[in-house]
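> the following block contains a protein sequence and its predicted model.
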Number of protein chains: 2
Amino acid sequence: MKYSVVVVDDHTLLSQAIEGMVNTFDKFKVLYTCKNGGEVQDKFKASPRNIPDIVLVDVNMPVMNGIETTEWIVANYPNVHVLALSVEDADGTILKMLKAGAIGYLLKDAQKDVLEKALLEIIENGFYHTRNVTNLLLDSVSGKGGRRRVNFKENELKFMRLACSQLTYKEIAEKMFLSPKTIDGYRDSLFTKLDVRNRVGLVVYAIKNKIFTP
Amino acid sequence: MKYSVVVVDDHTLLSQAIEGMVNTFDKFKVLYTCKNGGEVQDKFKASPRNIPDIVLVDVNMPVMNGIETTEWIVANYPNVHVLALSVEDADGTILKMLKAGAIGYLLKDAQKDVLEKALLEIIENGFYHTRNVTNLLLDSVSGKGGRRRVNFKENELKFMRLACSQLTYKEIAEKMFLSPKTIDGYRDSLFTKLDVRNRVGLVVYAIKNKIFTP
DNA sequence: CTACTAAAAGGTGTTTTTCCTGTTTTTTAA
DNA sequence: TTAAAAAACAGGAAAAACACCTTTTAGTAG
């Protein structure tokens, strides 16, 4: 059984070249090719029982660009591996593609053996990266845009983390050796402090602010 | 009013050197120095009304290392900016520090003006990065470790995103122009499909899998 | 046309959460 | 030591969430 690959690139010549390459690989075959993200959506929806394992996405496309396409694939088919393809390497596209959920970035002038190695690595390790990617990524990791000053108490933090863990408040109370009513108090004061409506808001806040890591 | 800085480094000589440097800066002053993460915890807890704006943390420390220290600061005082300090640059520490929540990474042999520039940038922009950080970060961005294959339907995805947004199910139903009972159905089937107990589990799953981005 | 299937909607009851209003106990500070 | 503040605890009502099971609707393959 071969792993299936879809190529998305408006440049027909290149996408056919890649198709040819991939089809010579032992473990991979090209399912089909698309000219843009919209076509990907159509194909995916048309044959939901035939979703590829890997999608190679060009960054620069008309209609629906690589970033949008990647976002859509990742959101709708979380198990499909998206590998970004591009000629350039200098601007923020790498970052954007990776943020969008691509698991790697490959230059278009890559050699045949590099492509095969990349595909294999994706299947085996779940990711691939070329070695020349710059520190643009830092921006993404360090992206903690202006935050309010909130000083949490030790117990509030402990509670917040437990609240992210599917436990009921009663169970949280047991874990913290406190009365359920005290837990109610923590919750209520956090709701006010963080200006959220319900536990969902609390969980999202905790994750966004690295208080809880999924 | 000067911004306050705390230096955490077991190497007294270096931490004093940094202290001297910082104290010559117009907008910054050193509040105190610590020899390890434990000391940071003590000081923070002892004077909760006097939390620094920036903490410079050495990576290699005994007792409680830079990564643990950073994690603790970020989790407990989310508005403190942590800048990592290290002599080395080659292994995974950069990544770990940044993942832990440090907003930048500075080499210890940095010149005085570089340090000042870094501090200013942190205050103004909320982050700083040296230009020589490698693509170790890719691993973190591409970290979507082995996932189950779950094919969501269009409506399930739409629902999941709304479920992350503090809306009640009734409100979600209205937004989707569907009966609340249908929404109940979506929820129940997703609970089963994803093996979660409640809405919290759903939200965490959605965020972890980039279906919803906070 | 009929049988099958999946999505949508409905019924009913239980559990949990949320939101009030308090009181008691412990800590902190004057 | 005493007053004030913070933390822990409580009762109860209303809303929301959760579970399970049935019915209707709409499409579609045979």
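It's in.

> and residue A:161, backbone torsions?
Per-residue torsions, residue A:161: phi -60, psi -40 (degrees, to the nearest 10).

> so what's it closest to, chain neighbours aside?
residue A:212 (5.0 Å; Cβ to Cβ, 6 or more residues apart in numbering or on different chains). Every residue, glycine included, has its C-beta placed from N, CA and C.

> any idea of the pLDDT on that neighbour?
pLDDT, residue A:212: 84.

> ok, it - contacts?
A:160-161, A:164, A:203, A:206 (Cβ atoms under 8 Å, 6 or more residues apart in numbering or on different chains).

> what about 6 Å?
Residue A:212 is in contact with A:161, A:164, A:206, counting by Cβ atoms under 6 Å, 6 or more residues apart in numbering or on different chains.

> state the helix or strand in which the last one lies.
Taking DSSP states H and E as the criterion, the element that holds residue A:206 is helix A:199-208.

> for the record, mean pLDDT for that helix?
Per-residue scores along helix A:199-208 average to 90.

> returning to what we had before: weed out the non-buried ones from the contacts of residue A:212.
With neighbours counted by 16 or more other Cβ atoms under 10 Å in any protein chain shown, those contain buried members at A:164, A:206.

> on that earlier part again, against residue B:197, how distant is the residue nearest to residue A:161?
From residue A:212 across to residue B:197, the span is 16 Å (Cβ to Cβ, to the nearest Å).

> poorly predicted segments of chain A, please.
A:78-79, A:88-95, A:98-99, A:103-104, A:109, A:124-151 (pLDDT under 70).

> all the helices of it, in order from the start?
Secondary structure of chain A (DSSP state H): helices at A:12-23, A:37-46, A:66-76, A:93-100, A:112-125, A:136-141, A:154-163, A:169-176, A:180-194, A:199-208.

> list the contacts of the second one.
Applying Cβ under 6 Å, 6+ apart, the set of residues contacting helix A:37-46 from outside is A:8, A:34, A:63-64, A:68-69.

> spell out which parts of chain A neighbour DNA strand D.
A:153, A:155, A:178-179, A:181-182, A:184-186, A:198 (Cβ under 7 Å from any atom of the strand).

> show me what contacts residue A:52?
For residue A:52, counting by Cβ under 6 Å, 6+ apart, the contacting residues are A:4-6, A:31.

> if you set the cut-off to 7 Å instead, what comes out?
A:4-6, A:31, A:80 (Cβ atoms under 7 Å, 6 or more residues apart in numbering or on different chains).

> quick check: phi and psi on it?
phi -70, psi 160.

> that one and DNA strand C: what is the separation?
Residue A:52 sits 21 Å away from DNA strand C, going by Cβ to the nearest atom of the strand, to the nearest Å.

> check residue A:80 too.
20 Å.

> I'd say that residue and residue A:73 touch.
Yes - at 5.5 Å, residue A:80 counts as touching residue A:73 under the criterion of Cβ atoms under 7 Å.

> who has more neighbours, the two?
residue A:73 (26 against 21; other Cβ atoms under 10 Å in any protein chain shown).

> how near is the residue nearest to residue A:105 when sequence neighbours are not counted to residue B:65?
Using Cβ to Cβ, 6+ apart and skipping residues adjacent in sequence, the residue nearest residue A:105 is residue A:84, 4.7 Å away. To residue B:65, residue A:84 is 35 Å away according to Cβ to Cβ.

> which one's more surrounded, these two?
residue A:84 (25 against 18).

> coming back round to it: and of the residues of chain A next to DNA strand D, the nearest to DNA strand C?
residue A:198 (3.1 Å; Cβ to the nearest atom of the strand).

> can you report phi and psi for that closest one?
Per degrees, to the nearest 10, the backbone of residue A:198 is at phi -160, psi -180.

> pretty sure it is touching residue B:167, no?
No - applying Cβ under 7 Å, one finds residue A:198 not in contact with residue B:167, separated by 9.1 Å.
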